[in-house]
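A.B. asks: coords below, sequence missing:
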């Protein structure tokens, strides 16, 4: 599954990286794949109507958003572990938080252009 997700992330970047036009069918497919497999927060939120976005605003957003999400995941996990008394459940909570963090970093890996 990881290899397939990486392949689709790379495939969705062909148009931007190579700076060439592909047939419309391939362009539509790669844009759809990019919307599904890449974590593009500025595109999901549609901030273009509020502020103008360019490469640098996307770069800052894609750099800060994973840090904020990571902080939130570990803060919630930390609060949850304080409420749980059993050591086994605490370990499971920490394992889930680390797993979420790894999935997040894996999704962000190719998204920053």
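C.D. replies: Happy to help now that I have it. All of these numbers come straight from a predicted model, not from anything done at the bench.

A.B. asks: what comes up buried for stretch 71-83?
C.D. replies: Neighbour counts using 16 or more other CB atoms under 10 Å place 73, 77, 81 of stretch 71-83 among the buried residues. C-beta coordinates here come from the backbone N, C-alpha and C atoms, glycine included.

A.B. asks: In strands only, show me the residues you listed.
C.D. replies: Here DSSP state E is the test, and those give no hits in strands at all.

A.B. asks: Columns pLDDT and distance to residue 61 on top of these, output as CSV?
C.D. replies: Below are the buried residues of stretch 71-83 laid out as CSV (pLDDT from 0 to 100; distance: CB to CB, whole Å):
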residue, pLDDT, distance to residue 61
73, 93, 18
77, 93, 24
81, 92, 30
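
A.B. asks: And those residues, which is closest to residue 95?
C.D. replies: residue 77 (9.5 Å; CB to CB).

A.B. asks: what's the spacing between the closest one and residue 97?
C.D. replies: With the distance defined as CB to CB, to the nearest Å, residue 77 ends up 4 Å from residue 97.

A.B. asks: Then residue 26?
C.D. replies: 38 Å.

A.B. asks: More neighbours: which of the two?
C.D. replies: Of the pair residue 26 and residue 97, residue 97 is the one with more neighbours under other CB atoms under 10 Å, namely 19 against 13.

A.B. asks: Okay, residue 20 and residue 14: tell me how far apart.
C.D. replies: 8 Å.

A.B. asks: the more surrounded of those two?
C.D. replies: More crowded of residue 20 and residue 14, by other CB under 10 Å: residue 14, with 15 against 7.
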